[in-house]
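Q: following is a predicted model, sequence given first.
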Amino acid sequence: MLATFSAAHAMKKSKARSMLARSDVQGIGVGYKDPNHPKKGAAVIIYTNKLSSTLLGHSSTLTMKTKGKVTTVPVRYVKSGKLNAFVDYKKRIRPIPAGYSIGTTEGSGTVGLIVTNVPSANQRYILSNNHVLNPTNSRLNTETLQPGGADGGQSGRDGVGRLSRYVQLKKNSSNLIDVALSIPIRNSLLSPRYATVGVLPGYVTTYRVGEHFKKVGRTTGLVKGIVDSVNTDVQVDYGEGLGVLNFVNQTVVRGSNPVSLPGDSGSVWLREADHYAAAVNFAGTSDGRISIAFPINWAMRIFGTGVARRVGAGKIKKVKIVKSPQAYARQLTTRELATLKILQVRMKK
């Protein structure tokens with residue numbers, strides 16, 4: 001005899017509390033026994049973050065006794081993964097963690113990291129791309145908004161700081177990095193945390209092809225990718241003004257889903273295994289499945305900063321290169337560091 005939706009609903013009500021008490025069960029509801037063949041009747045649907053042996057070993061039916069009558073209802077298991085609410089990374093948030101919208105009146109990108117000067121660690125900064133915090137690529141005393149202008153941020157009301165330092169992007173020669181710092185009105189506006197992850201342990205000096213990364217961006221949210229190539233030379237179109245710029249020795253991170261869409265600029269890739277910061281996203285393909293990034297170690301060396309923590313700065317994890325050094329993201333040489341034009345913006349009094 002086929003189960004009715006009425007019987008399945010009554011069964012769900014009787015079993016919900018005990019099933020949801022299990023750590024491997026995320027939900028319980030009512031649906032078709034076979035979605036492709038509705039005529040097979042109703043069933044109790046159990047959503048689980050893993051099809052554990054205990055669940056798989058569970059009977060394919062549930063029974064209950066009501067007024068001396070035994071009712072049997074089929075069960076269908078669905079591997080759903082853990083259920084998470086979708087976070088709006090475009091909203092206004094105080095204090096500001098990494099991963100949320102940041103920008104100017106011209107548009108929005110992503111707070112890559114909250115960093116601090118080292119070794120004193122008495123001043124926090126927002127680290128993101130130069131084209132996010134400094135759309136004119138100049139020494140203008142540009143106001144930093146959170147959220148950025150594309151997300152409704154307005155000058156004055158949403159102002160959280162000013163452009164502090166940046167590496168100038170060059171039209172007629174090779175670029176290595178697209179990075180800038182914003183200094184906040186006060187340190188307490190910045191939270192030394194990374195959205196969905198928490199406090200980061202620090203950053204790595206390098207990483208290799210094949211490593212698994214994750215990041216949070218203003219547009220794509222929490223995503224995962226794999227290092228597809230290192231030391232890659234690319235042409236990046238910055239649109240009107242700067243045009244197409246040449247970048248050398250970059251990292252390509254590939255995702256099975258979009259990982260770098262407009263608004264994700266500045267977001268920082270973390271090593272999935274230990275949450276150490278690894279690379280800074282600044283460009284991507286039109287379908288979003290390719291992220292172009294540079295090693296976070298470059299930015300930290302340029303600015304003399306580290307990952308901000310509640311007290312002090314995070315660790316610098318020196319990665320040991322094992323075989324095939326060409327498989328790792330390279331370090332900047334002293335000569336390359338000297339060629340970078342790092343500009344300081346004078347603060348208005």
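A: Happy to help now that I have it.
Q: looking at this protein, which helix or strand does the model trust least?
A: helix 53-56 (a mean of 48; mean pLDDT, DSSP states H and E).
Q: longest helix of the chain, counting residues only.
A: Counting by DSSP state H, the longest helix found in the chain is helix 5-20.
Q: if we can go back for a sec, can you name the next helix or strand after the least confident helix or strand of the chain?
A: Sequence order places strand 61-66 as the next helix or strand after helix 53-56, per DSSP states H and E.
Q: direction included, what does that next one pair against?
A: Listed by DSSP bridges, the sheet partners of strand 61-66 and their directions read strand 69-79 (antiparallel).
Q: let me see the mean pLDDT of the strand it pairs with.
A: For strand 69-79, the mean pLDDT works out to 87.
Q: need the helices for the stretch 201-349 of the chain, in chain order.
A: Ranges of helices in the stretch 201-349 of the chain, per DSSP state H, counting those that start in this stretch, are 296-303, 334-339.
Q: ranking those helices by mean pLDDT, which is last?
A: Per-stretch mean pLDDT for the helices of the stretch 201-349 of the chain is lowest at helix 334-339 (a mean of 90).
Q: what's in contact with that one?
A: If you take C-beta atoms under 8 Å, 6 or more residues apart in numbering as the criterion, helix 334-339 is touched by 176, 301-302. Quick note: C-beta positions are derived from backbone N, CA and C, even for glycine.
Q: and with 10 Å instead?
A: The list of residues contacting helix 334-339 from outside it, by C-beta atoms under 10 Å, 6 or more residues apart in numbering, reads 170, 173-174, 176-177, 248-249, 298, 301-302, 330-333.
Q: restricted to strands, list these.
A: When DSSP state E is applied, the contacts of helix 334-339 are split such that 248-249 fall in strands.
Q: and the contacts of helix 334-339, which is closest to Y47?
A: Sorting these by distance to Y47 puts W298 at the head of the list, at 43.5 Å, by C-beta to C-beta.
Q: buried sites along stretch 136-147?
A: By neighbour count, with 16 or more other C-beta atoms under 10 Å as the criterion, the buried positions of stretch 136-147 are 137, 142-147.
Q: just those now: which is nearest G161?
A: When the buried residues of stretch 136-147 are compared for distance to G161 (C-beta to C-beta), T144 wins out at 4.3 Å.
Q: just checking, that closest one touches S108?
A: No - checked against C-beta atoms under 10 Å, the pair T144 and S108 is beyond contact range at 11.2 Å.
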